[in-house]
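*Asks:* Return a 3D structure for these sequence lines:
(chains A and B)
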Amino acid sequence: ETGVTQTPRHLVMGMTNKKSLKCEQHLGHNAMYWYKQSAKKPLELMFVYNFKEQTENNSVPSRFSPECPNSSHLFLHLHTLQPEDSALYLCASSQDGRGGYNEQFFGPGTRLTVL
Amino acid sequence: GQSLEQPSEVTAVEGAIVQINCTYQTSGFYGLSWYQQHDGGAPTFLSYNALDGLEETGRFSSFLSRSDSYGYLLLQELQMKDSASYFCAVMGAGNMLTFGGGTRLMVKP
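*Replies:* Numbers count the residues shown, from 1 in each chain, chains lettered A, B, ... in the order given. As a prediction, this is how the structure comes out:
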């Protein structure tokens, strides 16, 4: 148990669909992150939220839209994705992400397939 | 930007010692982390080095040389359950991690 949950675990969607990924952390952390993990590529940081404020958008296309309603929940809204967006999307959380190193705790990921 | 290099694959036998190297080029460096990821699982934190030297945690140790932009993860007394992917990651400003491509470790009986 990592204390970070993600739903759904698997998602298949067409290029015209709209879907959302959900992440919830039960660790009392203040920072949350979205990463993309593609086959044969490093984990790529997509978005960072500290205290519900987005502090980093790592040049992610606008078809990915994050939302952080509170420090425990993080969403990734998906719209008109491309097949190359198929990947494992990982959520992570940590203590305050601005005050030096804090270990990041990862969720199990959502395996996304875009047809 | 950041770039990290680590071997893509390493094979070792049970009980052996294996070292996974990581070299990095960065525009901002606070420290080097290591994460383990089993197939189908989430990455889990193993270690963090902010200063030069060796950090030991049980069977795992991690080393950093900031002047050489180099670090390694040392796994001793290998067990079958250590078969996994191991990622080095540079910590930059704002607690942001940039990951290497990962090293797939296969432990054989």
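
*Asks:* how distant is the helix or strand of chain B with the lowest mean pLDDT from the center of its chain?
*Replies:* Ranked by mean pLDDT, DSSP states H and E, the weakest helix or strand in chain B is strand B:97-99, scoring a mean of 91. Put simply, strand B:97-99 sits 12 Å off its chain's centre (C-alpha atoms, centre = their mean, to the nearest Å).

*Asks:* elements contacting that strand?
*Replies:* Helices and strands touching strand B:97-99, as assessed by 3 or more C-beta pairs under 8 Å, 6 or more residues apart in numbering or on different chains; DSSP states H and E, comprise strand A:44-50, strand B:84-91. Using the backbone N, CA and C atoms, a C-beta is placed for each residue, glycine as well.

*Asks:* Alpha carbons of the last one, as CSV, please.
*Replies:* Backbone C-alpha positions of strand B:84-91 (Å, rounded to 0.1, in the frame of the first residue of the first chain) are rendered in CSV as follows:
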residue,chain,number,x,y,z
ALA,B,84,12.9,-5.0,-11.2
SER,B,85,13.7,-1.8,-13.0
TYR,B,86,15.9,0.8,-11.2
PHE,B,87,15.7,4.5,-12.0
CYS,B,88,18.1,7.2,-11.1
ALA,B,89,16.6,10.7,-10.9
VAL,B,90,18.0,14.1,-10.5
MET,B,91,16.3,16.4,-8.0
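
*Asks:* Contacts made by it with the rest, please.
*Replies:* Contacts of strand B:84-91 with the rest of the structure, by C-beta atoms under 8 Å, 6 or more residues apart in numbering or on different chains, involve A:42-43, A:101, B:2, B:4, B:6, B:20, B:22, B:24, B:26, B:29-39, B:43, B:46, B:48, B:50, B:71, B:73, B:97-105.

*Asks:* Alright, I will stop here.
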